[in-house]
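S.K.: sequence unknown, structure follows:
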């Protein structure tokens, strides 16, 4: 059985988006899977920016509806955590009971990155919870790569979250972890 | 008909989480809706941090499965964009065709915040797209409050994204926009 896999991630924002998306598409085919990739449809001109945004949202959701699986690139983006659009998409696919795998190209876990976000200025509260000293926000500390809804959603469905330590200049282009997800998904599809 | 609404947002991370969750629960009841709130279940001790994370993920998903609607607090969290767990949850509910509303307590839109993230060091590429000069990542510019998957998912389903300009010290506690979502959802439930 051939598995259609939706390739979620912030690659669409890269300067070399088309090249990187094509690389992931080719790797997916080489793994014996069928790629479904955002950016593969040209959106016709729309009357407003907002309507353009709606058109992209609609196409991406329709692509996900046709897919059997998702591989989500959860590498931190514009902050401590993953690209939020990718997180929406992962939740969207998990709700449909699709196969879900994810990866990140940053080895430091959620706790480590959140503490770094506060420049180390964190305190332990009376219940033993770590918090940013100034804003009082809790640092999530459950031995996961990002917020527990993502890794929990993936692992509880039998998927895997692959952690890879990419070079800073290859943060969004290194495909080592992505290829590991492809292998796991292809193996599961065969079983 | 009574509508069950899942109250998604980063309030669980606040120092006064219980107080703020209770405030939102009371406001939801006052609007004639039934609140379903994360943090309402005490998770029994687990053998590992990771398993604790899985337990929370499972309970939150089960709560969403029983809910008819979601109101997502998309106020930026630990970076340019919303709390990623909340984004996962919004996608999870949209995939199930549930009613979806969202709000943010920051008035500056996605484009403005992303440009600020780069300290204004952005360039327009050959296709007219705005990019961070150093990392080359595109600034999303579709007249929305956050990544288009969130606001697109909400608005395309007939929901609304409410924008409110809260005082910095009330960023996660001001309920003005949340109450506006409650009114819209209650009105829709009656129609």
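M.R.: Received it, and whenever you're ready, just let me know what you need. Just so you know, these numbers come straight off a predicted model, no measurement behind them.
S.K.: what number of residues lie near the closest residue to residue A:182 other than its chain neighbours?
M.R.: Spatial nearest neighbour of residue A:182, excluding adjacent residues (CB to CB, 6 or more residues apart in numbering or on different chains): residue A:31 at 4.0 Å. Where C-beta positions appear, they are placed from N, C-alpha and C, glycine not excepted. By the criterion of other CB atoms under 10 Å in any protein chain shown, residue A:31 has 19 neighbours.
S.K.: List the residues that contact residue A:31.
M.R.: A:179, A:182-183, A:185-186 (CB atoms under 8 Å, 6 or more residues apart in numbering or on different chains).
S.K.: any idea how far residue B:5 is from it?
M.R.: For residue A:31, the distance to residue B:5 (CB to CB, to the nearest Å) stands at 41 Å.
S.K.: In chain A, what residue comes closest to chain B?
M.R.: residue A:79 (1.6 Å; CB to the nearest CB).
S.K.: Let me see the backbone angles for that residue.
M.R.: The phi/psi pair for residue A:79 (degrees, to the nearest 10) reads phi 150, psi -160.
S.K.: Could you do residue A:74 as well?
M.R.: With angles defined as degrees, to the nearest 10, residue A:74 sits at phi -100, psi 20.
S.K.: From residue A:7, how far off is it?
M.R.: As defined by CB to CB, residue A:74 lies at a distance of 13 Å from residue A:7.
S.K.: more crowded one of the two?
M.R.: residue A:74 (30 against 27).
S.K.: list the contacts for the more buried one?
M.R.: By CB under 8 Å, 6+ apart, the residues touching residue A:74 are A:82-83, A:86-87, A:90, A:102-104, A:145-146, A:150, A:161.
S.K.: Same question for residue A:33.
M.R.: Applying CB under 8 Å, 6+ apart, we find residue A:33 in contact with A:2-5, A:69, A:182, A:185-186, A:189.
S.K.: max-length helix in chain A?
M.R.: helix A:49-66 (DSSP state H).
S.K.: strand partners of the helix or strand following that helix, parallel vs antiparallel please.
M.R.: The helix or strand immediately downstream of helix A:49-66 is strand A:69-73, counting by DSSP states H and E. Note on strand A:69-73: by DSSP bridges, its sheet partners are strand A:4-8 (parallel), strand A:99-104 (parallel).
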